[in-house]
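**Student:** show me the folded form of this:
(one chain, ligands or ions: 1)
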Amino acid sequence: MKRREFLKTACLASACLLSACKSTIQHVQSTRQGNKLVAEKTLFNTKTTVAIAHEGYSIGIVKLDNNNFAASKLICSHRGCAVTPNENGFICPCHGARFDKLGQVTKGPAEENLVSYITSTDQQFVYIQLSE
Ligand code: FES
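**Tutor:** Take a look at the predicted model:
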C-alpha cells in the first residue's frame, strides 16, 4: 500500500471511529416559567438525552416513556467534571464514574448520585422543577 493510500485509509477509519463515539445528546432551548424550565415534548425520544443549559451548566433529560422523564445535573458528584451521556446513562470522563439514566451511581469513584430534578408533563410540554 502506498503512503497516500495508507493515509487516506487511516483518515477514513479515524472518521468512522469518531462518528461512532459521537455523543447522543441534543441541546435544546427551553423557556422559564417561574421556578420551572419548560421544553416541548416533541423534542424528546427514548434514544437521545436532551440537554438544557441553565446558569452555566446543563441539565440532562432522559425520556423513560411518554409521561416519565428523568432530569439530572450533568456535573459529576465526585469532583465536578461534566458528565456525558452513553447508552446506559452517563459517564464521567475524568475518573470513570458511571451513572444510570436516573443519575444514580453505578460505578465509582463517585459515591453520590447526580443532582436530580422533579419533572412533570402535560400533553405538550415537559417541566423541570428547579430547586433554587
Ligand atoms: Fe467524575 Fe471524578 S470527577 S469521576
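**Student:** residue numbers of this structure in contact with the ligand?
**Tutor:** Cys76, His78, Arg79, Cys81, Cys92, Cys94, His95, Gly96, Ala97, Pro109, Ala110 (Cβ under 6 Å from any ligand atom). Bear in mind the C-beta positions are built from the backbone N, C-alpha and C, glycine included.
**Student:** quick one, what contacts the closest residue in space to the fourth one that isn't next to it in sequence?
**Tutor:** It stands for Cys81. Spatial nearest neighbour of Cys81, excluding adjacent residues (Cβ to Cβ, 6 or more residues apart in numbering): Cys94 at 3.8 Å. Contact analysis of Cys94 by Cβ atoms under 8 Å, 6 or more residues apart in numbering lists Cys76, His78, Arg79, Cys81.
**Student:** tell me the SS of Cys94?
**Tutor:** coil (DSSP: H, G, I helix; E, B strand; the rest coil).
**Student:** start at 29, not 1
**Tutor:** Sure, I'll start counting at 29 from here, so that last one is Cys122.
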